[in-house]
Every structure is written in C-alpha cells, then in structure tokens.
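A.B. asks: Please find the sequence and the predicted model below.
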Amino acid sequence: MIRTVTFDAANTLIRLTAPAGQTYAEVARRFGAVLDPARINQAFVRAWKEVPRLPDQTGPRAEDARFWWRALVATTLSIAEYRVNPFPDYFDAVYKEFTLPGIWQLTPGVTHVLSALTQAGIRLGVVSNFDRRLYSILETLGVLNRFEHLIISSEVGADKPSPRIFEEVLRRFDLGPKEVLHVGDEEEIDGIGARSAGMSAFILGKDGDWKEFLRNIRLLAESDPGLR
C-alpha cells in the first residue's frame, strides 16, 4: 500500500525559468564582465557532470554544502575560459540569485498532481540533492506547506542515488519501503536510488508527463485501497 509519495525537486517539481548560463551572465554584468549565455550554459552542463559529488557523511554538511556550489561556479567559468572579479563576491551574488522570485517556476501540471494526491490521503515529501535554499524557493512558489518533510542532501549528508538519503525518508515518515513511491526525472539518480532502498520509483519523461504519472497512480489504486 502506497502511503507516501516523494518528489525530486529540480526538473520534477520545479524548473528554471531560463537556462543557468543566462543567470550567470546577467549577474556577471553587474561586475563589469560580459559572458556569452550560450557558452557559459554549455560549460555549466559540463561542469555539473565533472565536479565530483560529495561523499556520504554522518550529519549535515559544513556551510550547507555551499563549498560544492562554489566549486561548480568556478569550474563553469574555467571551462568557458571566463574570469569574473572579485570571484568571491560574484559567487555570493550567483548563489543568492537562485533563490529570488522569478528564477524558478513550478512544472506545468504539478499543482494538480499534489492536490490529487492530498485528496487521496497520500502524505507528500521532497527528496533532493539541494541545500536549504530549497525551503525559500518552495515557499516563494506557494507549495512548501504541501510537504510533510523535505529530505535534502546538505542536511542528511548524502546525495541521491545513495540509499542513505532514501532511508532517511523511511525514518522521518516512519514507513516501510513498500509504502513509499518516489518520483523523479533521472533513472540513474532517482530510480536506482529509490529502488536500492526497496522503494518504488516513477521516472518522468523529458517533458514531465504528469498525465502518465496520474494514469499509473490510478492503476495502482485499483489494487491499493490506500489510493482510492
């Protein structure tokens, strides 16, 4: 019986209103630097893959894992062969920029999904490789109070697909793995991670097909009284 559905954040619940490279370039202009948004965005995508993920640890990460994002921004500029000075001030501005209204939006259809699950008595949570900025982002978008728990990698000390972050879901909701369904956009991160902890997983298509998700939920409901 599925009692709880958890969601990945970026590109599942929420998405950027513009490519990250565009935001990097707009902030750089305040420092007198001209960056080509397309070039910096290509570098960002590459840096996201190249900057090593942090190892598991016990307890929250220092500075809310801010140092990892600093490495990401520095690597992005290096790959794109740009310099923005003073870099510490530029990084602080970029880091803050990604919490401001207008930077993120809810993915189309997700509000309906959250309402449908809540009406069915399903408990909701978030499991994300993010930091505490996610609280203010979701509050700005008006959905923070929809979720009983936010399980964030910087607070747990483990990133998806580590089973540790999913085990924290089970601990906080006080449920068994068969009672939780996780929804995300990456099989390698969300699917493998959730299943490694014994949970079910649903991976959204590239266009975030919530209709397909709801169809799957309805199929589950036919055999699961908890979803009726």
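C.D. replies: Looks like it arrived, so ask away.

A.B. asks: Secondary structure class of the residue of the chain positioned farthest from its centre, three-state.
C.D. replies: Of all residues in the chain, Gly32 has its C-alpha farthest from the mean position, at 31.3 Å, by C-alpha atoms, centre = their mean. Following DSSP: H, G, I helix; E, B strand; the rest coil, we place Gly32 in the coil state.

A.B. asks: what does Tyr90 give?
C.D. replies: Assigned by three-state DSSP, the conformation of Tyr90 is helix.

A.B. asks: now it: how far from Thr75?
C.D. replies: 14 Å (C-beta to C-beta, to the nearest Å). C-beta: built from backbone N, CA, C; applies to glycine.

A.B. asks: more crowded one of those two?
C.D. replies: Neighbour count, other C-beta atoms under 10 Å: between Tyr90 and Thr75, Tyr90 has more, with 21 against 17.

A.B. asks: Can you tell me the closest non-neighbouring residue to that one?
C.D. replies: Distances taken as C-beta to C-beta, 6 or more residues apart in numbering put Val84 closest to Tyr90, at 4.4 Å, once the chain neighbours are dropped.

A.B. asks: and that neighbour, which of the three is it?
C.D. replies: Of the three states, Val84 takes coil according to three-state DSSP.

A.B. asks: Help me confirm that it comes into contact with Arg30.
C.D. replies: No - the pair Val84 / Arg30 is not scored as a contact, 9.5 Å apart, by C-beta atoms under 8 Å.

A.B. asks: Between the two, tell me which one has more neighbours.
C.D. replies: Per other C-beta under 10 Å, whichever of Val84 and Arg30 has more neighbours is Val84, with 23 against 12.

A.B. asks: OK, contacts around the more buried one?
C.D. replies: 28, 31, 33, 35, 77, 90 (C-beta atoms under 8 Å, 6 or more residues apart in numbering).

A.B. asks: which of those sit farthest apart?
C.D. replies: Taking C-beta to C-beta as the measure, those span a maximum distance of 11.6 Å, between Phe31 and Leu77.

A.B. asks: Show me which of these two is the more surrounded one.
C.D. replies: Neighbours per residue (other C-beta under 10 Å) separate Phe31 from Leu77, with Leu77 holding more: 23 against 14.

A.B. asks: The more buried one is in contact with Ala43, isn't it?
C.D. replies: Yes - counting by C-beta under 8 Å, Leu77 does reach Ala43; the two are 7.4 Å apart.

A.B. asks: how close does Pro161 get to Thr99?
C.D. replies: Separation of Pro161 from Thr99 (C-beta to C-beta): 26 Å.

A.B. asks: Pick out whichever of those two has more residues nearby.
C.D. replies: Using other C-beta under 10 Å as the criterion, Pro161 and Thr99 rank with Pro161 on top: 22 against 15.

A.B. asks: Distance from the host helix or strand of Glu168 to the middle of the chain?
C.D. replies: Assigned by DSSP states H and E, Glu168 belongs to helix 163-173. Averaging C-alpha positions (C-alpha atoms, centre = their mean, to the nearest Å) puts helix 163-173 16 Å from its chain's average.
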